[in-house]
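# coordinates only, sequence not included:
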Ligand SMILES: Nc1ncnc2c1ncn2[C@@H]1O[C@H](COP(=O)(O)OP(=O)(O)OP(=O)(O)O)[C@@H](O)[C@H]1O
């Protein structure tokens, strides 16, 4: 578990306002207008039936993957419990008939005892099968949730960086992690419910048809309206969840502003707590209102249509009772037929309910599958060029341009420069000039929209990106503070040496983090951060040294440091740069810094301006040129010189 040091940077969300100010509202869940005539309704039904049925094999595969034995148990129990209502009804008929026979002195009590025993067996089987169903379902629920979360995590770790920075794709990811783990089992349960009801239905329907085909037809048709209303609300519920996703996300964000340690200081100082709490409450009211309307409408509608079905059921019961009075049927027949009629009726509505449940779950699952089917955009070519065992670190940018997805302005335009192997380069420029973007492209977190980047003369896109990244060690501006021990925080920089304590200690020494770590209660084994256990809180600069140590942990031929000393004190910064020459020995090193005292120590300096290379050369060359770099350098130096006495 880890937390970013700074909030995520996101491109504009699909919802214009941020939720921090402005109207607290979300659009009504409006689905696209569709023609309402019978033919197009039927066509739509066909499409959704086909879609739902198509979703079934995937869910079956998922259930099977989660646990083959539990899937088998659940399926067997389903078949058995499908037959049990018919058996129960038939035994009730036998019992009633033998009681009547005994009363009329046509039979003995022996029959009654045998039938009762048999009845006990069936009732016990019903109880046992229901217990099995509960056990299998709850175990499967756990297993499936784990399987799906695992799949979602594994797939997320493969996806390209841009995916996480788009709000639409982020919503999809959110739904996949939150909703989807429970949906496949609901889908499976609905499907098994469908199977069970179909078995009950099949075994009962024959009986009903034999008394009156008309009766059978009435029982079949009565629950149809209830089904239609169910499926309509099912898809509305899905749309609502989808449209509420941004509002839920904003609520999560507001809640994190008040409940996360890193934000607490600022929210307290500015007195923002009550404001954020109130925003959260107001967003909550809107989201509750929407849910409430839907829940009430959905239930009123299905209950009303359900009453119609009950009315038909009672009419059937009356019809059969009158038939019995007329002497056409025995009392046992009456019981059997009544049970059969009710059962067929509830089976039909059960079939529809199960189907509409499948339909609704399928809509959610579609989101999961769409997420799992999203192809990572930055992948290895079909036959990647093998990475040479020794990378020299000769880097060349050739007319590299790049625009972030959805951004109007290019972050980099026609960037061309070259870094010789083992050279140390400082990248400077105003905020937003494109410095960090340059680093991200070199790590292949994004691909250039134009031009190419060469490593030792080869376009980096020809390599497997994972392989390429093993040759780069980096510290980003928004480095991660892992909630783990000090040793883990450093060791994660090179997983192959996670347990190599001497190497970890050496990395800490190189970053200047060793002294502080040694003073911690359990040294390198002290937990850092306060999320778990009793971790130690470090200062911003101390965290930065740990992040630096993590970068040094990996001994890669290319070293990238994005503002490595932004939080360090003057002494620590001086020490680091004094060491950097030996740390960078034999590696191509690039660092970004806004402090020109450190920048001038680089062999060459690259000045970026509005995404373009403005100047490139040694400190002396750029000073002699007397242009942008010289101006910025003098500006900063002047500020110090003014303070000097004399
Ligand atoms: N993830 C992103 N999505 C969209 N635009 C981005 C993203 N990251 C950066 N940008 C934009 O790209 C431009 C260059 O950003 P970059 O982070 O490279 O600047 P920088 O030179 O590193 O700035 P600083 O000195 O402030 O760190 C900026 O205008 C920024 O708004």
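Yep, it's here. Since the structure is predicted, the reported quantities are computational estimates derived from the model, not experimental observations.

# From here on, just use CA atoms for contacts and neighbour counts.
Noted.

# so who does residue 473 touch?
Neighbouring residues of residue 473 by CA atoms under 8 Å, 6 or more residues apart in numbering: 493, 551-552, 554-556, 558-560.

# wait, which of those residues is closest to the ligand?
Of all these, residue 560 has the smallest distance to the ligand: 12.8 Å, by CA to the nearest ligand atom.

# isn't there a strand covering that closest one?
Yes. The assignment for residue 560 (DSSP: H, G, I helix; E, B strand; the rest coil) places it in a strand.

# what about the closest residue to the ligand within the stretch 151-300 of the chain, how many neighbours?
Residue of the stretch 151-300 of the chain nearest the ligand, by CA to the nearest ligand atom: residue 165 (6.1 Å). Residues lying near residue 165 (other CA atoms under 10 Å) number 18.

# Then residue 407?
Residue 407 has 10 neighbouring residues, counting by other CA under 10 Å.

# Is it within a helix or a strand, and which one?
Following DSSP states H and E, there is no helix or strand that holds residue 407.

# List phi and psi for it.
Dihedral pair for residue 407: phi -90, psi 140, per degrees, to the nearest 10.

# What separation is there between it and the ligand?
6 Å (CA to the nearest ligand atom, to the nearest Å).

# What confidence value was assigned to that residue?
Residue 407 carries a pLDDT value of 84.

# roughly how far apart are it and residue 98?
83 Å (CA to CA, to the nearest Å).

# And the helices in the stretch 51-200 of the chain?
Taking DSSP state H, counting those that start in this stretch, the helices of the stretch 51-200 of the chain run over residues 68-103, 109-158, 161-165, 167-178, 183-211.

# gap between residue 119 and the ligand?
Distance, residue 119 to the ligand, by CA to the nearest ligand atom: 69 Å.

# where do the strands sit along this structure?
With strands called from DSSP state E, the chain shows them at 2-4, 395-402, 412-419, 424-429, 450-455, 458-459, 472-475, 480-482, 558-562, 588-592, 604-609, 612-617.

# tell me the average confidence for the first one?
In this model, strand 2-4 has a mean pLDDT of 36.

# what do you get for the last one?
What strand 612-617 shows for mean pLDDT is 92.

# picking up where we left off before, need the strands of the chain in CSV with distance to the ligand, can you?
Shown next, in CSV, are the strands of the chain (distance: least, CA to the nearest ligand atom, whole Å):
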stretch, distance to the ligand
strand 2-4, 14
strand 395-402, 9
strand 412-419, 8
strand 424-429, 6
strand 450-455, 16
strand 458-459, 21
strand 472-475, 13
strand 480-482, 16
strand 558-562, 8
strand 588-592, 8
strand 604-609, 8
strand 612-617, 11
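
# Pull up the distance across stretch 546-566, start to finish.
Its first and final residues considered, stretch 546-566 spans 13 Å by CA to CA.

# Give me the domain ranges for this structure.
The chain resolves into domains spanning 52-373, 395-639 when parsed by the TED database.

# Which strands or helices does the longest helix seen in the chain pack on?
Scanning the chain for the helix with the most residues, using DSSP state H, yields helix 273-325. Contacts defined by 3 or more CA pairs under 8 Å, 6 or more residues apart in numbering; DSSP states H and E place helix 273-325 against helix 213-221, helix 224-259, helix 331-373.

# Enumerate the residues of the stretch 351-500 of the chain near the ligand.
404, 407, 411, 430-437 (CA under 6 Å from any ligand atom).

# of all the residues you listed, which comes closest to residue 531?
Nearest to residue 531 among these is residue 436, at 29.2 Å by CA to CA.

# What is the neighbour count of the closest one?
Residue 436: 20 surrounding residues under other CA under 10 Å.

# now swap in residue 243 and tell me
For residue 243, using other CA under 10 Å, the count is 17.

# cool, and the one 5 residues further on?
The burial metric for residue 248, expressed as a neighbour count using other CA under 10 Å, is 19.

# which ones are touching residue 280?
Residue 280 neighbours (CA under 8 Å, 6+ apart): 251, 254-255.

# interface residues of the protein facing the ligand?
Counting by CA under 6 Å from any ligand atom, the residues of the chain that sit close to the ligand are 11, 404, 407, 411, 430-437.

# State the distance from residue 382 to residue 140.
As judged by CA to CA, residue 382 and residue 140 stand 38 Å apart.

# So between those two, which is more surrounded?
Ranked by neighbour count (other CA under 10 Å), residue 382 and residue 140 place residue 140 first, with 22 against 8.

# least reliable of the helices and strands packed on helix 273-325 going by mean pLDDT?
With a mean of 69, helix 213-221 has the lowest mean pLDDT of those.

# Give the buried residues for stretch 438-451.
Residues of stretch 438-451 classed as buried: 438-448, 450-451 (neighbour count, 16 or more other CA atoms under 10 Å).

# Distance across it, terminal residue to terminal residue?
13 Å.

# What lies in contact with that stretch?
160-162, 378, 397-403, 412, 414, 453, 460, 465, 468-469, 472, 560.

# Report the distance from it to the chain centre.
26 Å (CA atoms, centre = their mean, to the nearest Å).

# Distance check, residue 92 against residue 83.
For residue 92, the distance to residue 83 (CA to CA) stands at 15 Å.

# quick one, what contacts residue 517?
The contact partners of residue 517, taken as CA under 8 Å, 6+ apart, are 486, 523-524.

# ditto for residue 596
By CA under 8 Å, 6+ apart, residue 596 lies in contact with 633, 636.

# now with 7 Å?
residue 633 (CA atoms under 7 Å, 6 or more residues apart in numbering).

# In terms of pLDDT, where does it sit?
84.

# go on, residue 454?
We have a pLDDT of 93 for residue 454.

# what's the answer for residue 642, then?
The predicted local confidence for residue 642 is 66.

# where does the stretch 1-150 of the chain dip in pLDDT?
1-19, 25-38, 41-42, 44-45, 48 (pLDDT under 70).

# OK, contacts around the nearest residue to residue 435 once chain neighbours are set aside?
Leaving out its chain neighbours, the residue that sits closest to residue 435 by CA to CA, 6 or more residues apart in numbering is residue 427, at 6.6 Å. Residue 427 makes contact with 435, 591-593, 605-607, according to CA under 7 Å, 6+ apart.

# now with 8 Å?
For residue 427, the contact set (CA under 8 Å, 6+ apart) comprises 435, 590-593, 599, 605-608.

# Report the beta-bridge partners for it.
Residue 427 has these beta-bridge partners by DSSP bridges: residue 592, residue 606.

# and residue 40, how far is that from the ligand?
43 Å.

# repeat for residue 86
Counting by CA to the nearest ligand atom, the gap from residue 86 to the ligand is 62 Å.

# That residue contacts residue 202, doesn't it?
No. With contact defined as CA atoms under 8 Å, residue 86 does not reach residue 202; the gap is 9.7 Å.

# who has more neighbours, the two?
Using other CA under 10 Å as the criterion, residue 86 and residue 202 rank with residue 86 on top: 21 against 16.

# could I get the contacts of residue 280 as TSV with neighbour count?
As requested, these are exported to TSV (neighbours: other CA atoms under 10 Å):
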residue	neighbour count
251	23
254	22
255	16
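
# Tabulate the residues you listed (a markdown table), appending distance to residue 302.
Shown next, in a markdown table, are the contacts of residue 280 (distance: CA to CA, whole Å):
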| residue | distance to residue 302 |
| --- | --- |
| 251 | 31 |
| 254 | 36 |
| 255 | 36 |
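
# neighbours around the closest residue to the ligand within the stretch 501-646 of the chain, how many?
Taking CA to the nearest ligand atom, the ligand has its nearest neighbour within the stretch 501-646 of the chain at residue 611, 7.1 Å off. Using other CA under 10 Å, residue 611 has 25 neighbouring residues.
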